[in-house]
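Engineer: attaching a predicted model along with its sequence, questions to come.
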Amino acid sequence: MTVTRTPARSGTPRLALTLTAASVLLAANLLGATTARADDNPSVPPGTEANAAAPVKVDPNDPDLKLPEGATLADPKVLDIKSVVEDQSGDERREDTNSDVKFALQAEVLFSKDSAKLSGEAKSRISGIADEIKNQNATKIRVFGFTDNLGSSAHGDVLSRQRANAVQDVLAKELNKPDVTFEVRGYGEQYPIADNSTEAGRKKNRRVEVSFPRTDS
């Protein structure tokens, strides 16, 4: 099993850094890493890239919308469809696309306040995710930690890394496969999925996400 993590940040600006899969694996092989540490300057999490702007109202009778003489429409393509299922409490959310599966677990069901020690319930939920990873025969797994914007950003960075590390440790034991590789990162308050001005929003932002490729089955 290969795990990719790096030491804690040392005051460098939090700039987005894109790492290729090849460079990540090469670094892991050279260092012989068996324990995980999150990157100092992590790249943008998959799935958080900017989306296209909302469509504007279109007048179907506008003459400018007519195709020029001799022009043809672009070839059709299959769009990536996302299915989102969230339990009634909102503690766990699953997202399925054509290519990936992502689980988001709220921090409250995994850890005590301001802690990275997993609860008994947390280990049961993570075990369920491990079962799905086995079903998908996935060997490349991303574990990303996030916090709300309360407290210092530096503290959020460290706490989110520690929580992602804790979840990865359980997954590694559950899977127990030498061909599995992990990408483990802590993003702190970056990339919120809800409004940090309300407690309900902050609760959603305090989370650990586990994602992996899906099979065609």
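Structural biologist: Received, thanks.

Engineer: contacts, neighbours, all on C-alpha from now
Structural biologist: Will do.

Engineer: hang on, Ile133 in a helix?
Structural biologist: Yes. According to DSSP: H, G, I helix; E, B strand; the rest coil, Ile133 belongs to a helix.

Engineer: how many neighbours does it have?
Structural biologist: Using other CA atoms under 10 Å, the number of residues around Ile133 comes to 22.

Engineer: the most far-flung residue of the chain relative to its centre sits in which helix or strand?
Structural biologist: Going by CA atoms, centre = their mean, the residue of the chain most distant from its centre is Glu69, 46.5 Å out. Using DSSP states H and E, Glu69 sits in no helix or strand.

Engineer: against Gly151, how distant is it?
Structural biologist: Relative to Gly151, Glu69 is positioned 61 Å away (CA to CA, to the nearest Å).

Engineer: how near is Phe182 to Asp157?
Structural biologist: 19 Å.

Engineer: same thing with Gln88?
Structural biologist: Applying CA to CA to Gln88 and Asp157 gives a distance of 29 Å.

Engineer: just Gln190 next, same as before
Structural biologist: Here Gln190 is placed at a distance of 9 Å from Asp157 (CA to CA).

Engineer: also Asp195?
Structural biologist: Look at Asp195 and Asp157: by CA to CA, they are 19 Å apart.

Engineer: okay, these two: which has more neighbours?
Structural biologist: Of the pair Asp195 and Asp157, Asp157 is the one with more neighbours under other CA under 10 Å, namely 24 against 14.

Engineer: please name the residues that touch the spatially closest residue to Val180 that is not a sequence neighbour.
Structural biologist: Here the nearest residue to Val180 in space, its sequence neighbours aside, is Thr139; by CA to CA, 6 or more residues apart in numbering that works out to 4.3 Å. Residues near Thr139 by CA atoms under 8 Å, 6 or more residues apart in numbering: Asp179, Val180, Thr181, Phe212.

Engineer: narrow those to those that are buried.
Structural biologist: Val180, Thr181, Phe212 (16 or more other CA atoms under 10 Å).

Engineer: between the residues you listed, which is closest to Ser119?
Structural biologist: Phe212 (23.6 Å; CA to CA).

Engineer: appreciated, that's everything.
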